[in-house]
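Visitor: Give me a 3D structure for the following:
(chains A and B)
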Amino acid sequence: MTILEAERLSISFGGVRAVAEVSLAIEAGGVFSIIGPNGAGKTTLFNLVSGLYPPLEGRVRLAGEDVTGLAPDRLARRGLSRTFQNLQVFFRMTALENVMVGRHRHETSGLLADLLHLPATSRQNQRTREAARPALARVRLEAEADRPAGALPYGALKRLEIARALASEPKLLLLDEPAAGCNPVETREIEEIIRSIVKEGVTVVLVEHDMRLVMNISDRIHVLANGRTLAEGNAAEVRSNKAVVEAYLGAQGAEHAVD
Amino acid sequence: MRALIEHRLGALLVIGVIAVLLPLTFPSAYYYRVAALVFIFALAAVGLNLLMGFAGQVSLGHAGFLGIGAYAVAIGPTHFELASWLCVVGGGVLSGLIAFVVGRPVLQLKGHYLAVATLGFGLLVFIVLSNEAGWTGGPDGMPVPRLELFSWRARGPDTWYWISAATFLLAAVLALNLIDSPTGRALRAIHDSEVAARVLGVDVARQKLAVFVVSAIYASVAGSYIALFNGHITPDIAGFLRSIELVAMVVLGGMGSIAGSLVGAAVLVLLPQMLTGLHDYEQMMLGLIIMGFMIFLRQGIVPGLTAARDRWRS
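Guide: Predicted coordinates:
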């Protein structure tokens, strides 16, 4: 089954085509990676798919339904969640509270009940907390539950974002450079976490610069350069693709690499 | 004892006890009067704090809602012979509705743009109140009939002290309830990262609108109380300076701190009274003291002192 389909997606910023006619079809289950040199349009593609930017042209389908131009919160309620390349953590809330916000789409108590702290709100808080703790444990942050997020180190915050997204119980999870700025040990941890997420049947779309991580973990890789699709295939196919090597190393570098 | 202090509403219990004992130290009715004003302004400040300190959205026009609440209890009984208490409720409903209509387009703006748009709203209310002299008495204002509940009349400053203290405590309980709830978490999330809140399924526009409406109702009730308490009202209640004063109370006391809103209101109501002895230098001294507070306790008085205490302990 195709869980996410993008059809000739395009967007321009000030006349520059950041993403141009990109099409991709992502099968449910597994890891689908999007790679490319800096400025290739990877994050922009994420922003288009997750509803942060409305596309200039093209369509997005989630589980077969047209969701083009739908707001991010509506998409979230349909099971699409994501993390951010530059941290978007709720710094003034505790680690646990961050993850609890991830449960928002499952919460039902209304404004009036919340103002009056009715039993419905207490029960909701309890349920949310119970669901958030395991998500925090999955990224091994349960010991930091009650610390303010602002006091956590960088690597922990990267994992906190993943826990928060997981708490929303997505069908499709977009991870934007989860290993950026992480040391090799932390990167290994991230890899383990991604594998466990996939095992649970969540489809992961990954944007990442750490090629070892990408090649290790991806079922399929989509390569972008200058906002356009350059190639798509499995790890071996992409690695041996001449156009891909050129895009990363430049035409001259590629010649040296072949020599 | 310790559990009591650390309970969600522990701070309010302390404030409640202080509110009950404080009058024992009052040498004259004048003290009741000033203390009542502190609680009334704190009520408005707590509402604005929900908007500013929790959701992170500024309003430079909140005195507009003070004005709507104030004139509701002036116009209702005078022109329509409605009961005053009914007009307090009606003013709150009207303010909520206006906040709902105004908030929808305005809250899509951010930062300085939101500040200027809400400023415009405040000015609009002020101008309507000044110009519609047939209803409002124009710039000279109008008298406000006393609050009557059945045959009981609320008039003395001591009566208003108790009414405003009780209302403030109730409003603070609601505000504290909100913080630790799904709605409260969504609002605090919006404050820290709107984009992350959105991708987690938070309907940002709706949550901002909801808290804007709640904060408008808080301000409206405070405005009604001021009018009923003073027995006379002028459009200045909705003026730009009043809006700024409310924002200053929230920031000075501490954004996101409910107790801070009470402290901020207390400082800005009490200081001018305490400085009257300085005559010509009163305003200057007031400005200097406010600047001093912000420079040395930049998170606001209550969060700043709390942080200092925690540092001292460790």
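Visitor: Residues in contact with the helix or strand containing residue B:287: which ones?
Guide: Element membership for residue B:287 (DSSP states H and E) is helix B:282-296. By C-beta atoms under 8 Å, 6 or more residues apart in numbering or on different chains, the surrounding residues in contact with helix B:282-296 are B:248, B:251, B:252, B:267, B:271, B:272, B:275, B:276, B:278, B:301, B:304. The way it works is simple: take the backbone N, C-alpha and C, and place the C-beta from them, glycine included.
Visitor: Contacts only, for the closest residue to residue A:84 other than its chain neighbours.
Guide: Spatial nearest neighbour of residue A:84, excluding adjacent residues (C-beta to C-beta, 6 or more residues apart in numbering or on different chains): residue A:176 at 5.6 Å. Counting by C-beta under 8 Å, 6+ apart, residue A:176 touches A:42, A:43, A:46, A:82, A:83, A:84, A:85, A:207.
Visitor: same question, residue A:135
Guide: Residue A:135 neighbours (C-beta under 8 Å, 6+ apart): A:99, A:102, A:163, A:164, A:166, A:167.
Visitor: Not including adjacent chain positions, what is the nearest residue to it?
Guide: Using C-beta to C-beta, 6+ apart, the nearest residue to residue A:135 is residue A:167, at 4.1 Å.
Visitor: Let me see the contact set for the one you found.
Guide: A:99, A:100, A:102, A:103, A:131, A:132, A:135.
Visitor: among those residues, which are in helices?
Guide: A:99, A:100, A:102, A:131, A:132, A:135 (DSSP state H).
Visitor: can you tell me the helix or strand for residue B:87?
Guide: Going by DSSP H and E, residue B:87 is in helix B:84-106.
Visitor: and the stretch of helix or strand residue B:220 belongs to, is it in reach of chain A?
Guide: If you go by DSSP H and E, residue B:220 is part of helix B:204-230. Yes - shown here: helix B:204-230 in contact with chain A (C-beta under 8 Å from any C-beta of the partner chain) through B:204, B:210, B:214.
Visitor: Now that helix: buried residues?
Guide: B:204, B:207-230 (16 or more other C-beta atoms under 10 Å in any protein chain shown).
Visitor: Among the contacts of helix B:282-296, the buried ones, what's the ChimeraX command?
Guide: In ChimeraX syntax, the buried subset of the contacts of helix B:282-296 is picked out as below (16+ other C-beta under 10 Å):
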select /B:248,251,252,267,275,301,304
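Visitor: Name the residues of the stretch 151-259 of chain A found near chain B, please.
Guide: Counting by C-beta under 8 Å from any C-beta, the residues of the stretch 151-259 of chain A near chain B are A:161, A:164, A:165, A:168.
Visitor: Give me the subset of these lying in helices.
Guide: A:161, A:164, A:165.
Visitor: Give the burial count for residue B:231, as a bare number.
Guide: Residue B:231: 13 surrounding residues under other C-beta atoms under 10 Å in any protein chain shown.
Visitor: likewise residue B:274?
Guide: Residue B:274: 14 neighbours (other C-beta under 10 Å).
Visitor: likewise residue B:95?
Guide: For residue B:95, using other C-beta under 10 Å, the count is 27.
Visitor: Setting aside sequence neighbours, what's the nearest residue to it?
Guide: residue B:220 (3.5 Å).
Visitor: for the one you found, what are its contacts?
Guide: Taking C-beta under 8 Å, 6+ apart, one finds B:65, B:66, B:68, B:69, B:72, B:91, B:92, B:94, B:95, B:96 in contact with residue B:220.
Visitor: Run a quick neighbour tally on the second one.
Guide: Other residues within reach of residue B:66 by the criterion other C-beta under 10 Å amount to 33.
Visitor: any idea of the pLDDT on residue A:57?
Guide: pLDDT for residue A:57: 93.
Visitor: what does residue B:1 give?
Guide: pLDDT for residue B:1: 52.
Visitor: helix/strand/coil for the closest residue to chain A within the stretch 201-314 of chain B?
Guide: Nearest to chain A, among the residues of the stretch 201-314 of chain B, is residue B:201, at 3.4 Å (C-beta to the nearest C-beta). With DSSP: H, G, I helix; E, B strand; the rest coil as the basis, residue B:201 sits in coil.
Visitor: which residues touch the helix holding residue B:87?
Guide: B:65, B:68-73, B:75-77, B:82, B:114, B:117-118, B:121, B:145-149, B:205, B:208-209, B:212-213, B:215-217, B:219-221, B:223-225, B:228.
Visitor: on that earlier part again, looking at the contacts of residue A:135, which one is closest to residue B:162?
Guide: residue A:99 (43.4 Å; C-beta to C-beta).
Visitor: Count residues in the vicinity of that closest one, would you?
Guide: 34.
Visitor: residues in contact with it?
Guide: A:132, A:135, A:136, A:160, A:163, A:164, A:167.
Visitor: that older thread, most neighbours among the residues of the stretch 151-259 of chain A next to chain B, which one is it?
Guide: residue A:164 leads those on contacts (other C-beta under 10 Å) with 31 neighbours.
Visitor: circling back: in JSON lines: the ones in helices among the residues of the stretch 151-259 of chain A next to chain B, plus pLDDT.
Guide: As requested, those are exported to JSON lines (pLDDT from 0 to 100):
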{"residue": "A:161", "pLDDT": "95"}
{"residue": "A:164", "pLDDT": "95"}
{"residue": "A:165", "pLDDT": "95"}
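Visitor: quick one, domains of chain A?
Guide: A:1-79+A:170-259, A:91-167 (automatic domain parsing).
Visitor: so how far is the first one from its chain's centroid?
Guide: If I follow you right, that is domain A:1-79+A:170-259. 9 Å (C-alpha atoms, centre = their mean, to the nearest Å).
Visitor: same question, the shortest one
Guide: For domain A:91-167, the distance between its averaged C-alpha position and the chain's averaged C-alpha position is 19 Å (C-alpha atoms, centre = their mean).
Visitor: Please report the distance of the closest residue in space to residue B:139 that isn't next to it in sequence from chain A.
Guide: Spatial nearest neighbour of residue B:139, chain neighbours left out: residue B:130 (5.2 Å); criterion: C-beta to C-beta, 6+ apart. Noted for residue B:130: a distance of 34 Å to chain A, by C-beta to the nearest C-beta, to the nearest Å.
Visitor: In contact with residue B:130, which residues?
Guide: Taking C-beta under 8 Å, 6+ apart as the test, what residue B:130 contacts is B:136, B:138, B:139, B:235.
Visitor: Please determine how far the nearest residue in space to the first one that is not next to it in sequence is located from residue A:248.
Guide: It stands for residue B:136. Among residues not flanking residue B:136 along the chain, residue B:129 sits closest, at 5.1 Å (C-beta to C-beta, 6+ apart). The gap separating residue B:129 from residue A:248 is 67 Å, by C-beta to C-beta, to the nearest Å.
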